[in-house]
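# Requesting a structural model of the entry that follows:
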Amino acid sequence: MPVKTYKPTTPSRRFITTTDFSSLTKKKPVKSLTSPLPKKAGRSRASGRITVRHQGGGAKRRYRLVDFKQDKFDAPAVVKAIEYDPNRTAFIALLEFEDKEKRYILAPDKLKANDKVVFSQKKIEAKIGNRMPLQYIPAGSIVHNIELNPSQGGRIVRAAGTSAQLMELGGKYANLKLSSGEVRKIGKKCLASIGQISNREYENIVIGKAGRQRHRGIRPTVRGKAMNPVDHPHGGGEGRSPIGMVHPKTRWGKPALGRKTRRRNKKSNKFIIKKRK
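Numbering: from 1, shown residues only. This next block holds a predicted model:
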């Protein structure tokens, strides 16, 4: 999907880009498939203190109840509309089953209104939008919304433009290559949907100005070296000065930038064949 640019009527407008929503077919969501989304402002419910910095404000929105499990098997559904979801980077598709039940799913790229999709635990046609176990998907196929454990619901490959490639099947597991370059073993009975997630050009979007970040609920971030020594390890010094240490630290003195955060003894390490780039 192309990225929309604007005439440079202001300095910030010169660089702003947005997603072209011309492919969307419906503006307002189905109210029964939404729920209230309370604002947290980065504060703890118990104390009211800010526990997560740089959060607050943001445009008011409702949460879309997206079906990640897609467990209504062998019941064909028709795509009624492709919609915008303010809570995620990908678009969502509104499905209507034969019994008139409606559900939201993550919309794969090239899925259109009036297309038919099927979820099954058996072998079905490997068509965009269809969902079935990895053991029945042809090798080399592009998949998304993948389960890590059977009947758990999709856990990985859910962001805009992401996809995984099914490399091969061997024993109890299927080898998948993720967008990060990581090759990982996943149980072949886990479900996955065919196709790449929609809104592929999202990574090329330029926010352009502070106001758009505020609409997203993101507050300003102050550089550590612009603070006083009492507020940050990088603070202090005369005028513009370097951080004064070999490696950067967080506000609480922990190492930042480049430090590995994954636990060495994590149980899922044995399923990783090749680490990400």
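# Where does pLDDT dip in the stretch 1-150 of the chain?
For the stretch 1-150 of the chain, the stretches flagged by pLDDT under 70 are 1.
# Strands along that one, start to end?
3-5, 17-19, 34-36, 62-64, 77-83, 92-97, 102-106, 116-117, 131-133, 142-144 (DSSP state E, counting those that start in this stretch).
# Now do the second one: which elements does it pack against?
With contacts taken as 3 or more Cβ pairs under 8 Å, 6 or more residues apart in numbering; DSSP states H and E, strand 17-19 sits against strand 3-5. Yep, even glycine has a C-beta here, placed from its N, CA and C like the rest.
# Just the helices from the stretch 101-250 of the chain, written as ranges.
With helices called from DSSP state H, counting those that start in this stretch, the stretch 101-250 of the chain shows them at 210-215.
# how much distance is there from stretch 252-263 to the middle of the chain?
23 Å (Cα atoms, centre = their mean, to the nearest Å).
# which residues are in contact with it?
Residues outside stretch 252-263 that contact it (Cβ atoms under 8 Å, 6 or more residues apart in numbering): 233, 247-250.
# average model confidence for that stretch?
Stretch 252-263 shows an average pLDDT of 89 in the prediction.
# what sits against Ile142?
163-165, 194-196.
# contacting residues around the residue nearest to the spatial centre of the chain?
Taking Cα atoms, centre = their mean, the centroid of the chain lies closest to Ala159, which sits 2.9 Å from it. Residues near Ala159 by Cβ under 8 Å, 6+ apart: 88-90, 197.
# again with Lys122
Listed by Cβ under 8 Å, 6+ apart, the contact set of Lys122 reads 74, 132, 136.
# among the residues you listed, who's most crowded?
Neighbour counts for those, by other Cβ atoms under 10 Å, peak at Met132, which reaches 22 neighbours.
# Is it correct that that residue is in contact with Cys190?
No: using Cβ atoms under 8 Å, Met132 is not in contact with Cys190, being 10.4 Å away.
# still on that earlier bit, any chance of the strands of the stretch 1-150 of the chain in TSV with distance to Lys185 as columns?
Formatted as TSV, the strands of the stretch 1-150 of the chain follow (distance: least, Cβ to Cβ, whole Å):
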stretch	distance to Lys185
strand 3-5	36
strand 17-19	34
strand 34-36	35
strand 62-64	32
strand 77-83	31
strand 92-97	29
strand 102-106	23
strand 116-117	27
strand 131-133	15
strand 142-144	15
